[in-house]
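>>> Build me a model:
(one chain, ligands or ions: 1)
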Amino acid sequence: PARILSGMQPSADSLHLGNYLGALLNWVRMQDEYDAFFFIPDLHAITVPQDPEILARRTRITAAQYIAGGVDVEKCTLFVQSHVPEHAQLAWVFNCLTGFGEASRMTQFKDKSQKQGADHASVGLFTYPILQAADILLYNPQLVPVGEDQRQHVELSRDLAQRFNSRFGETFVVPQPAIQKDTAKIYDLQHPNAKMSKSAQSPAGLVNLLDDPKTIAKRIKSAVTDDGSEIRFDRESKPGISNLLTIQSVITGTPVAQLETDYQGKMYGHLKVELAEIVVERLSPIRQRVEELLSDPAELDRLLAVGAEKARGFAAGTIDEVYRKVGFLPAR
Ligand code: TYM
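This next block holds a predicted model:
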């Protein structure tokens, strides 16, 4: 089967609804059909300062959320990035194939470094997308299931694959982003023109997978809505309502057009109450499963060790080939 690969940063105590609907749900759907690699990019997390204990804890919590959300370790390869040193090894080679100007054009770096003040941003944050290209190309996946905000990073990995291939001979598959149109972007509940993000100014716009039911219901019920009263999908003039309709549509599998019909003549409040119930019902079992998994960290670590072993088996082959092709003298 064709291969897929993706990951989510362990940079918060919980994934949010955007991560879940924009990425995790698609992974789970795809793992039956594809040879899937899912990992936790902890190397990426330290591109901004992290407390060591918190980082380790969040790495486990993120793994637990993958599994609780439906990632099946029997079907796919689940691992932690830092357990597979080949990621950093390939990233170095790609650092040397990427132009300074090319890296400077990555919009996520521009956003994040602006937030921190350009002088405080680390060089790691600058080369972040190059490490991401290494993550991807190490495993030669055809598809990379991500949300819209990762499109540019996948583009860079395509460029680097082509560049390496033309310079050193056919080596890498040129991957495609797999971006689900309707869930590509879930928006902040308070600022429905900004994407839902862990770094939002206020938590009120976020629904976290691990929030308790009360908090989830409250966040959804106090979501910002729009002028007018009609429940209709219109990203331009009704970004708040459109976001709520998207969320409901993706969770229930009901097309947005059908929801529009169902809610005809009803009030915004009606939609919110129903949606709050739907989201709580979907997330509660995930939260419970995460708690169970975290109650046995040794078992979780064992699963991750098995995954790392499988991943290394693959990644080591890629590094051997790359090192030979760039002219490194084989170690004896
Ligand atoms: P991260 O951790 O920011 O996000 C994880 C995934 O969630 C998606 N996502 C969203 N989708 C819809 N609406 C939103 N509001 C929303 N917010 C986030 C992201 O698009 C992503 O798919 N650089 C990556 C991690 C990474 C990676 C990789 C991904 C490192 N190496 C290799 C794929 C392949 C990141 O920071 O994602």
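
>>> Just checking the distance from the longest helix belonging to the chain to the centre of its chain.
The longest helix of the chain (DSSP state H) is helix 297-326. For helix 297-326, the gap between its own C-alpha mean and the chain's C-alpha mean amounts to 20 Å (Cα atoms, centre = their mean, to the nearest Å).

>>> ok, Thr62 touching Leu15?
Yes. Judged on Cβ atoms under 8 Å, Thr62 makes contact with Leu15 at a distance of 7.0 Å. Using the backbone N, CA and C atoms, a C-beta is placed for each residue, glycine as well.

>>> any common contacting residues for those two?
Met8 (Cβ atoms under 8 Å, 6 or more residues apart in numbering).

>>> could you say what helices and strands the longest helix of the chain packs with?
strand 35-40, helix 52-68, strand 77-80, helix 86-95, helix 151-168, helix 268-294 (3 or more Cβ pairs under 8 Å, 6 or more residues apart in numbering; DSSP states H and E).

>>> Distance to Ala331, mean neighbour count and mean pLDDT added to the ones you listed, as JSON lines?
Listed next are the helices and strands packed on helix 297-326 as JSON lines, based on distance: least, Cβ to Cβ, whole Å; neighbours: other Cβ atoms under 10 Å; pLDDT from 0 to 100:
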{"stretch": "strand 35-40", "distance to Ala331": "26", "mean neighbour count": "24", "mean pLDDT": "98"}
{"stretch": "helix 52-68", "distance to Ala331": "30", "mean neighbour count": "19", "mean pLDDT": "98"}
{"stretch": "strand 77-80", "distance to Ala331": "24", "mean neighbour count": "24", "mean pLDDT": "98"}
{"stretch": "helix 86-95", "distance to Ala331": "13", "mean neighbour count": "19", "mean pLDDT": "98"}
{"stretch": "helix 151-168", "distance to Ala331": "19", "mean neighbour count": "17", "mean pLDDT": "97"}
{"stretch": "helix 268-294", "distance to Ala331": "39", "mean neighbour count": "17", "mean pLDDT": "98"}
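
>>> Stretch 228-241 near the ligand at all?
No. Using Cβ under 6 Å from any ligand atom, stretch 228-241 never reaches the ligand; the gap is at least 13.1 Å.

>>> That stretch: end-to-end distance?
Taking Cα to Cα, to the nearest Å, stretch 228-241 runs 11 Å from one end to the other.

>>> in it, what counts as buried?
Ile231, Arg232, Phe233, Lys238, Pro239, Gly240, Ile241 (16 or more other Cβ atoms under 10 Å).

>>> Is the second one in a helix, a strand, or coil?
What that stands for is Arg232. coil (DSSP: H, G, I helix; E, B strand; the rest coil).

>>> my read: it touches Pro239, true?
No. Using Cβ under 8 Å, Arg232 is not in contact with Pro239, being 12.0 Å away.

>>> Look up the closest residue to the residue of the stretch 101-250 of the chain found nearest the ligand, ignoring the ones flanking it.
Of all residues in the stretch 101-250 of the chain, the one sitting closest to the ligand is Gly147 (2.5 Å; Cβ to the nearest ligand atom). Distances taken as Cβ to Cβ, 6 or more residues apart in numbering place Gly22 nearest to Gly147, at 3.6 Å, with adjacent residues excluded.

>>> That neighbour in helix, strand or coil?
helix.

>>> Distance of it relative to the ligand?
Counting by Cβ to the nearest ligand atom, to the nearest Å, the gap from Gly22 to the ligand is 2 Å.

>>> mind listing what that residue touches?
Contacts of Gly22 by Cβ under 8 Å, 6+ apart are Val146, Gly147, Glu148, Gln180, Thr183, Ala184, Lys185, Ile186.

>>> Find me the pLDDT at it, would you?
Gly22 is assigned a pLDDT of 91 by the prediction.

>>> Kindly report the same for Ala118.
For Ala118, the predicted pLDDT is 69.

>>> and the stretch 101-250 of the chain, which residues reach the ligand?
Checking the stretch 101-250 of the chain against the ligand by Cβ under 6 Å from any ligand atom, the hits are 132, 135-136, 144, 146-147, 149-150, 153, 185-186, 195-197.

>>> could you redo these as TSV and give each row secondary structure?
As requested, these are exported to TSV (three-state DSSP):
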residue	secondary structure
Gln132	helix
Asp135	helix
Ile136	helix
Val144	strand
Val146	coil
Gly147	coil
Asp149	helix
Gln150	helix
His153	helix
Lys185	coil
Ile186	coil
Lys195	strand
Met196	coil
Ser197	coil
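
>>> Give the phi and psi angles for the residue of the stretch 101-250 of the chain closest to the ligand, as a check.
The phi/psi pair for Gly147 (degrees, to the nearest 10) reads phi -80, psi 170.
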